[in-house]
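Colleague: dropping the sequence and predicted coords here.
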Amino acid sequence: MQDSAAAEFEMAEYWYIKPGLEEQVKDFFAQKKEPEVVLQLDIPEKDFNIAGKGSSELKNLLKRLGVNSEVLRRIAVASYEAEINVAAHSRGGKMCSNVYDNLIYMQFRDNGPGIDDIEQAMIPGFSTADDLVRELGFGAGLGLPNIQKNSDALHITSALGNSTLVEIIICFT
Amino acid sequence: MTLQDIVELLEAEVLYEGADLSKEVPCAFSSDLISDILMCTKESTLLLTGLTNNQVIRLADMIDLIGIVFVRGKKPMQDVIEMGKERGLPMIATNMTLYRSSGILYNAGLRSCRI
């Protein structure tokens, strides 16, 4: 995985790999294959007119590529939750989706301020969402748990005061 | 049960002309929290909600919503209605509460979606 940490920040890290897929995930990072399709989009801070558009685009692209509908739903939900997280909780960022023949690897990188305690953020119901975000129907504290539930692998690296990187792998079969 | 039946049961208003109300509705889910809706909806589902912002339409891009019932007399702004119309997503609005609307549909035989 990428090493984006500046030395002065204390990095927090979280790993989840669906049992049985450890080898496949390890191979993916070892092989460093070139993706077949790349989709990169900006996620502006607190712009809920735009938020979610990237995940819609990604879903349409994968639908055209013939990805199975159940897998498609899992990718769309994980991507949308991650995209909303960047819009709602950070100073904005980028999403980059790399499509391979057998899986999708998505990166969501924001411009800070970082997650203090990732384990806490993973607890269903824990949320730091502000009133604006809650009024829109977000802030249930289920964003990260929902991403994990739909992912085959999830890697979060963050440091308070620095950016957060959320990496998601979902296999097509 | 079709969407037309639901319009009658909930004394609802159809939010744009030409919405396809002939669709058979297999099941429903009620919530005002977006993550709940994403987590609990794995099949073609009718959504009952008090959320009226554009993100409720974005939801329909991610999961398979058969239509949306806006409750408690809430109606989305015109631009949100347009977003739904572009997607061919039927949208209706009722003055009833979320609890009452859900109860009426449940009693009429509409099951809860699989979670």
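Modeller: That came through, no problem.
Colleague: mind listing the helices for chain B?
Modeller: For chain B, the helices defined by DSSP state H cover B:3-9, B:34-40, B:55-62, B:78-86, B:98-107.
Colleague: and the longest helix seen in chain A, what does it pack onto?
Modeller: For chain A, the longest helix by residue count, based on DSSP H, is helix A:69-89. Judged by 3 or more C-beta pairs under 8 Å, 6 or more residues apart in numbering or on different chains; DSSP states H and E, helix A:69-89 is in contact with strand A:37-43, helix A:53-64, strand A:93-99, strand A:103-110, helix A:143-150, strand A:164-171, helix B:34-40, helix B:55-62. No exception for glycine: its C-beta is placed from N, CA and C like everyone else's.
Colleague: and of the ones you listed, who's closest to A:M11?
Modeller: strand A:164-171 (10.2 Å; C-beta to C-beta).
Colleague: any residue of the closest one touching chain B?
Modeller: No: judged by C-beta under 8 Å from any C-beta of the partner chain, strand A:164-171 stays clear of chain B, getting no closer than 13.7 Å.
Colleague: how long is stretch A:128-142 end to end?
Modeller: End-to-end distance for stretch A:128-142, by C-alpha to C-alpha, to the nearest Å: 11 Å.
Colleague: just grab the bridge partners of the residue nearest the centre of chain B for me.
Modeller: Taking C-alpha atoms, centre = their mean, the centroid of chain B lies closest to B:I68, which sits 1.8 Å from it. Bridge pairing for B:I68 (DSSP bridges) gives the partners B:L47, B:M91.
Colleague: do stretch A:35-43 and chain B come into contact?
Modeller: No: legend: contact between stretch A:35-43 and chain B by C-beta under 8 Å from any C-beta is lacking; minimum distance shown is 13.3 Å.
Colleague: tell me the mean pLDDT over that stretch?
Modeller: In this model, stretch A:35-43 has an average pLDDT of 97.
Colleague: quick check: buried residues in it?
Modeller: A:L39, A:I43 (16 or more other C-beta atoms under 10 Å in any protein chain shown).
Colleague: how many residues are close by residue 55?
Modeller: Using chain A. 27 (other C-beta atoms under 10 Å in any protein chain shown).
Colleague: chain B was what I was after
Modeller: By other C-beta under 10 Å, neighbour count at B:Q55 equals 19.
Colleague: quick check: it touching A:G52?
Modeller: Yes: B:Q55 is in contact with A:G52 according to C-beta atoms under 8 Å; the separation is 6.1 Å.
Colleague: hey, what's in contact with both of the two?
Modeller: A:I84 (C-beta atoms under 8 Å, 6 or more residues apart in numbering or on different chains).
Colleague: what residues are up against the closest residue to A:I104 other than its chain neighbours?
Modeller: Nearest residue to A:I104 in three dimensions, chain neighbours excluded: A:I170, at 5.3 Å (C-beta to C-beta, 6 or more residues apart in numbering or on different chains). With contact taken as C-beta under 8 Å, 6+ apart, A:I170 is in contact with A:V71, A:R74, A:I75, A:A78, A:L103, A:I104, A:M106, A:N150, A:S151, A:D152.
Colleague: against B:L38, how distant is the closest residue to the third one other than its chain neighbours?
Modeller: Leaving aside its sequence neighbours, A:I75 sits nearest to A:I170 (C-beta to C-beta, 6+ apart; 5.1 Å). For A:I170, the distance to B:L38 equals 15 Å [C-beta to C-beta, to the nearest Å].
Colleague: run the chain-centre distance for the worst-scoring helix or strand of chain B on mean pLDDT.
Modeller: Ranked by mean pLDDT, DSSP states H and E, the helix or strand of chain B with the weakest confidence is helix B:34-40, at a mean of 90. Here the centre of helix B:34-40 is set off from its chain's centre by 14 Å, with C-alpha atoms, centre = their mean, to the nearest Å.
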